[in-house]
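Visitor: Got a predicted structure plus its sequence, pasted below:
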Amino acid sequence: MPEACSPARTYWVDVEDFFQYFLANPRPSGIQRLVFEALNVLPDCARMSPEAPRIAFVRHTRDASLLREVPFASLVQVLEASAHAAAAPPSPRPAGRKRRRRAAPTRTGLRHAAIRFFERLPPAIGEPLLRAGVLQLAAVRHVRLLVDALSGPTARQQAASANGLSGPLATPTDGTFPGRPGDVFLILGAAWVHSQYGVLLQQLRAQYRLVPILLMYDLIPLRRPEWCAADLVHDFSTWLAATLPHCTKLLAISRATAADVEAYAKETGLTLAGPVTPIPIGTGFTSGPSPTTDPPARGLPMPGSYVLFVSTLEARKNHTLLFRVWRRLMTDLPRDTVPTLVFAGRVGWLVADLMQQLENANWLDGKIRLIRDPTDAELAALYRGCQFTLFPSLFEGWGLPVSESFAHGRPCLTSNATSLPESGGELARYFDPDDLEDACRAVRAVIEDPAGLQAWRDRVAREFRHVPWERTADAILAACRLDRPVLSASELLEQAS
Amino acid sequence: MTDHKPTTLWVDIDDLLHYLAHHSRPSGIQRVTFEICAALHRDDAGAGRVGFVRRDGGPRDLVTLPWQDVAATFDRLANPEAPVRRAQSRTRSIGDTIARLRRPVGGTRPWPILGRAAAAQGLALLQLARLPSGTAAASAHWARQAVLTRAARAARQRAMAATRARLLAPGRPLAKVASPGDTLLVLGSPWAREDYVRTVRWVRDELRMRFALLVHDLIPLRRPEWCDRNLTRAFIDWHRAVLPFADQIFSNSRATATDVSDWTRANGIVLANPVQPVPIGTGLGIGSALGPANAAAPAETGPAPDLPPPGSYVLFVSTLEARKNHVLLFRVWRRLLSDLPRDAVPTLVFAGRVGWLVSDLMQQLENARWLDGKICMIHDPTDTELAALYRGCRFTLFPSLHEGWGLPISESLAQGRPCLASNRTSLPEAGGDLARYFDPDNLADAYRAVRAVIDDPAGLEAWRQRVAREFRPVAWAQSAAVIHATLDALTRAEAVGASSRPRARS
């Protein structure tokens, strides 16, 4: 095993999904922000680490070399482009995204209509027709895959590279990739967007003997498919089944996710090479325009008059609960003692009925407000002006809004589900997101005790310790610094047989 | 005024007729209205002290109509002749092979992909090849259906036309037949009539009648989020305008009575008399067709073939709408499935119409593949199917967040099935001490309650026996009796008031 002793291993960080993400979405989500912050400090941390590996960023190629190095600057460029694209709020949203959001439900609707039609036919012909239709779609899908596999980059990818966002991919490669046995292949992002990822890992291991190490965010598509698009559930589960066996080591963004992944492995009979390692998550973001250079945000709710819930509006985030809490506060307390509840975020999926209910209730006569698609500057201003923040989510992998609230010096009253107690630690207060009574009690306790809230705020300001992203990077590096490239699960199986 | 001269009760059923003309099936309010009307009519036994009126033109144009024709129309709607069974929700009917072929093959190597494409294409053609042999059966099916539907539709249209003609036949104007001291009673939901208050003022001031109404709930006022905004606006305006003129307000529960008193007080409306709760009968539609005694014996129709097997499921009968809280049971079942072996978890059956504000819930159920079949949906069950569903269920659930009364609970008990219900608003009144309760806003509590029943089959059996033994159905005659007694008391009070000093209230 001589390569283990080689001092200059390289950690190849897969950033393909980062580029793919910005082809379809104008603003970074939590995953992109987290990845960017970690990668921003990773090279420096690596230089200081005992092994001092080289950190390099790679994208996928379609030629035999499989991977090609790209400079970190290209990530910065993509992120900045997104910040500029979204700088002018909120009207000029890129048309592409809207269309993409709409398209899925329409397609599903059509599909369901067709299915219902076939089901209504007499079974003697309805059943064969339905099956024939499903099979025909499968055949078409495979033919398309075949065409993809035989030809070069698809039209979509070509179009993508033409729009400049994925510029690096367009430059020709020299067909070689300097990966060496024992090098780490680090997967930190949303790699499940690549359908053939298992195959790529297999080839990387066969061709370069790279050691894949994967960071897991959550298993929500498997654990709570109701909150995800059917495509995502399917893609994620096939991706996971194909990817996990190739990974030598698994990291997780929380102990909750680590435990969940281990439970999943046990359920599916998959032997992991070792325990899943939780890594600390940094606080605060450097990305995006800095608040100081921005014009002050105007037209937001009056500072001190409101409580803030920062999140995309989606079923999982449980906005419904806070709506009911506020409805009850309005009946139990004098109106002027109830602070306004501010939802700040994008309007996501599976909340059309909630939006309609808010509409029907006239937004509790203005006691609930929705600040749609806030800019970074507006978000910072909203945090500054809020009494405290709320986060009633039903399921999370980590809980960035909780630590972000602390980073802004604001206390957070959060759900106690999944990873959130890790994210909130001792500074947050908790309630059961599935129990209205408990949530009401918790919210009222804070609202009715201004002195206590002030003390809590002081305590947050005094005791909150920023977690520098270097700690995240160091933890990743430590996990990669294996004594020895341990055999992956599938290799163990091969040896055993 | 003398108190021995009998007065007449005129029931305004215009909204019921309007509903029947525009909807294919009566809902809760219409059923209750109908049953009370029928009881009042039976009670009267031809004495002519109960009459029915509808509106024929402006707010003063109330005319009488014969009850028999209303009853005939209602019965036909509640029990359609030829129930059309819709396929129930999503169970995986397509074979595993197909499911496997639908997934893309891993890898970019062309041969496996080509293999799958070919297999899928081949099987697709094979399915199409089955069509010719199926066409014979299908065309026979269609021919049969066409005859049936055409005949049924024609018969139905003839009957409807005849009934409508009779219903809308010119009756006698209320102004001609009513006497001072009579009462105009509204049991339904005439909120669509913006000018209803003009009717009420006319009836009281010109005809010297009393006005009484039955309030089913104040949900649009209390929880407007669950109602259409136009409905809420119309509802508020109507109640603000009409309630001050009510000589007597009835309610379907003590909870609704409290709601009404609270709301009127908060809005500066002084009620002439305290709100009087009216007992709500058990046995609606299915209850009257198959009482608890018949329920024990298998119905002549036999078990419907596509309902879930008896004993395998728990039942929730309700329109799917946000207020009914189906989402809670979805979460309870998800947790049951993660905590218990799959075959220890009974299927959860939603029976009802898909209503409003639940498209996101339906999408979530779809996304979760109806928990792989552990939740299923029976769309628009007929009364016969509903009776079969009750017979076959282990127990029923009713997690609603807000009700005026709670028909599904008493219905379940009347069918001899225990009900585990929400503890909100009127529901403890509807369930009494035969039902068990949980907090519909607390997942842990609901889960605990459901688990306790599922984990204890002997206890469930004992509970069932207790329900069968102790449940006392409430006759609709009791509802009618309370209405009569309350109105008679008003008449007596008036007579006493006339003979003594004037009272403070108008």
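Guide: On my side now, so go ahead.
Visitor: what sits against residue A:228?
Guide: A:220-221, A:236, B:367 (CB atoms under 8 Å, 6 or more residues apart in numbering or on different chains). The C-beta positions use only the backbone N, C-alpha and C, and glycine is treated the same way.
Visitor: Taking those residues, tell me the two that lie furthest apart.
Guide: Between all members of those, the longest pairwise span (CB to CB) is found for A:236 and B:367 and amounts to 12.4 Å.
Visitor: average pLDDT across stretch A:125-144?
Guide: Stretch A:125-144 shows a mean pLDDT of 83.
Visitor: coming back round to it: got the contacts of residue A:228 as a markdown table, with neighbour count columns?
Guide: Compiled in a markdown table, those are given as follows (neighbours: other CB atoms under 10 Å in any protein chain shown):
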| residue | neighbour count |
| --- | --- |
| A:220 | 22 |
| A:221 | 22 |
| A:236 | 19 |
| B:367 | 21 |
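Visitor: which intervals of the stretch 51-200 of chain B have sub-threshold pLDDT?
Guide: B:78-108, B:148, B:156, B:159-160, B:162-169 (pLDDT under 70).
Visitor: where exactly do the strands run in it?
Guide: Taking DSSP state E, counting those that start in this stretch to define them, one finds strands in the stretch 51-200 of chain B at B:62-64, B:183-186.
Visitor: Rebuild the ones you listed as TSV, extending it with distance to residue A:49 and mean neighbour count.
Guide: Below are these laid out as TSV (distance: least, CB to CB, whole Å; neighbours: other CB atoms under 10 Å in any protein chain shown):
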stretch	distance to residue A:49	mean neighbour count
strand B:62-64	90	22
strand B:183-186	81	24
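Visitor: follow-up on the earlier one: which one of the contacts of residue A:228 is nearest to residue A:190?
Guide: Using CB to CB, residue A:236 is the member of these that sits closest to residue A:190, with 9.9 Å.
Visitor: these two touch, right, that closest one and residue A:222?
Guide: Yes - using CB atoms under 8 Å, residue A:236 and residue A:222 qualify as a contacting pair, with a distance of 7.0 Å.
Visitor: Present the contacts of residue A:228 as CSV; the columns should include pLDDT.
Guide: Compiled in CSV, those are given as follows (pLDDT from 0 to 100):
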residue, pLDDT
A:220, 95
A:221, 94
A:236, 92
B:367, 89
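Visitor: Next, count neighbours for the closest residue to residue B:435 other than its chain neighbours.
Guide: Leaving out its chain neighbours, the residue that sits closest to residue B:435 by CB to CB, 6 or more residues apart in numbering or on different chains is residue B:419, at 4.6 Å. Residue B:419 has 28 neighbouring residues, counting by other CB atoms under 10 Å in any protein chain shown.
Visitor: same check, this time on residue B:144
Guide: Around residue B:144 there are 11 other residues, counting by other CB under 10 Å.
Visitor: who's in contact with it?
Guide: Counting by CB under 8 Å, 6+ apart, residue B:144 has no contacts.
Visitor: Unless I'm misreading it, residue B:235 sits right up against residue B:229, doesn't it?
Guide: No - applying CB under 8 Å as the test, residue B:235 and residue B:229 come out as separate, 10.4 Å apart.
Visitor: ok, these two, which is more surrounded?
Guide: residue B:235 (20 against 14).
Visitor: I'd like to know how far the more buried one sits from chain A.
Guide: Distance of residue B:235 to chain A, given as CB to the nearest CB, to the nearest Å: 12 Å.
Visitor: bridging residues for residue A:368?
Guide: Beta bridges link residue A:368 to residue A:341, judged by DSSP bridges.
Visitor: which residues does residue 210 contact?
Guide: Assuming you mean chain A. If you count contacts by CB under 8 Å, 6+ apart, residue A:210 has them with A:12, A:179, A:181, A:183-185, A:204.
Visitor: Oops, wrong one, chain B.
Guide: Here residue B:210 is in contact with B:181-184, B:204, B:247-248, B:487, B:490 (CB under 8 Å, 6+ apart).
Visitor: My guess is residue A:364 contacts residue A:325. True?
Guide: No - with contact defined as CB under 8 Å, residue A:364 and residue A:325 do not form a contacting pair (10.7 Å).
Visitor: More neighbours: which of the two?
Guide: Applying other CB under 10 Å to residue A:364 and residue A:325 shows that residue A:325 carries more neighbours, namely 23 against 20.
Visitor: For that one, which three-state class applies?
Guide: helix (DSSP: H, G, I helix; E, B strand; the rest coil).
Visitor: That one and residue A:355: what is the separation?
Guide: 18 Å (CB to CB, to the nearest Å).
Visitor: Give the rounded mean pLDDT of stretch A:388-401.
Guide: 96.
Visitor: First-to-last residue distance for that stretch?
Guide: 12 Å (CA to CA, to the nearest Å).
Visitor: residues near the spatially closest residue to residue A:181 that is not a sequence neighbour, how many?
Guide: Leaving aside its chain neighbours, residue A:181 sits nearest to residue A:209 (3.6 Å; criterion: CB to CB, 6+ apart). A count of nearby residues for residue A:209, using other CB under 10 Å, gives 14.
Visitor: Look up phi and psi at residue A:209.
Guide: Here is the backbone geometry of residue A:209 (degrees, to the nearest 10): phi 50, psi 40.
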